[in-house]
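Undergrad: quick one: sequence and predicted model below, then my questions.
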Amino acid sequence: MLHKIDRSNVLFLDIETVPETYEHHQLSEETQLLWEEKTRYQRQDESPEDFYRKAGIWAEFGKIICISVGYFVPGKRDTQFRIKSFTGQEADLLKEFKSLLQQHFNKKNQRLCAHNGKEFDFPYIARRMLKHQIELPDQLQLFDKKPWEIPHLDTLQLWRFGDYKHYTSLKLMAHVLNIPSPKDDIDGSQVSKIYYEDQNLERIVEYCEKDTLTVAQLFLRLRNEPLIETHQIHFSP
């Protein structure tokens, strides 16, 4: 079934998120209480203040600072893979991403693909869009759709082969399938510090783009197809 999908009809993506404020004390009192209640069972022995460094993984307490997308350029004899990133104020980057979907990935046979996207990237983007009162594009509108009508691919789900208790990170899956590791600079736990303290968004964008490329490489490897080579990668401004 995976081989029947035209790879030029797939938009590969990755997002980077951070806590909505850098420090716990910057939250309103009401939000602090809601954070404490939300994370009561995850925190174990950690205080709400210390655990707040992980707030970026919850759409209710985090925000998106980068969405990187990649796609195979159709109609080319040689493989060309183009990568583009959306950054800036969250509402603005979400609107730009939505515009891309509506203009270029709006056909029924086109799909979105991310690693763990069904549990993280796709719902996170949808929730943050609603936070900013942005109407969801059809690609993220799941209500009343049958499972086979949802245009989402997830490399983690494909690797699970139905084993839903099994989690494999992007880095591990790339390693197992002999794909060059995308994690050669930073990891997710450092993104918040790099964003708020170092104010080095460019470094985060590069990290996000590498993950997007790796998702596409996983997709190819799962189809037993040749990987994307460096000279075939092009970046859009």
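TA: Looks like it arrived, so ask away. Quick caveat, the model's predicted, so the values are computed rather than measured.
Undergrad: every contact and neighbour count from this point should use C-alpha atoms.
TA: Noted.
Undergrad: contacts for the helix or strand in which Glu37 is found next, please.
TA: According to DSSP states H and E, Glu37 maps onto helix 29-38. With contact meaning CA atoms under 8 Å, 6 or more residues apart in numbering, helix 29-38 is reached by His24, His25, Pro48, Phe61.
Undergrad: residues contacting the third one?
TA: By CA under 8 Å, 6+ apart, the contact set of Pro48 is Trp35, Glu36, Thr39.
Undergrad: which element follows the helix holding Glu37 toward the C-terminus?
TA: With DSSP H and E, the next secondary element past helix 29-38 is helix 48-51.
Undergrad: tell me the SS of the residue lying closest to Arg223 once chain neighbours are set aside?
TA: Counting by CA to CA, 6 or more residues apart in numbering, Arg223 lies nearest to His3, which is 6.2 Å off, once chain neighbours are set aside. His3 falls in the helix class when you classify it by DSSP: H, G, I helix; E, B strand; the rest coil.
Undergrad: report how many residues lie close to His3.
TA: His3 has 11 neighbours, counted by other CA atoms under 10 Å.
Undergrad: try the one 5 residues further on
TA: Applying other CA under 10 Å, we find 15 residues neighbouring Ser8.
Undergrad: in which helix or strand would I find the residue lying closest to Ser236 once chain neighbours are set aside?
TA: Closest residue to Ser236 apart from its sequence neighbours, by CA to CA, 6+ apart: Lys84 at 5.0 Å. Per DSSP H and E, Lys84 falls inside strand 81-87.
Undergrad: any idea of the mean pLDDT in that strand?
TA: Confidence over strand 81-87 (mean pLDDT, whole number) is 98.
Undergrad: all further residue positions should be reported with the first residue as 464.
TA: Done: numbering now begins at 464, and the last item shifts to strand 544-550.
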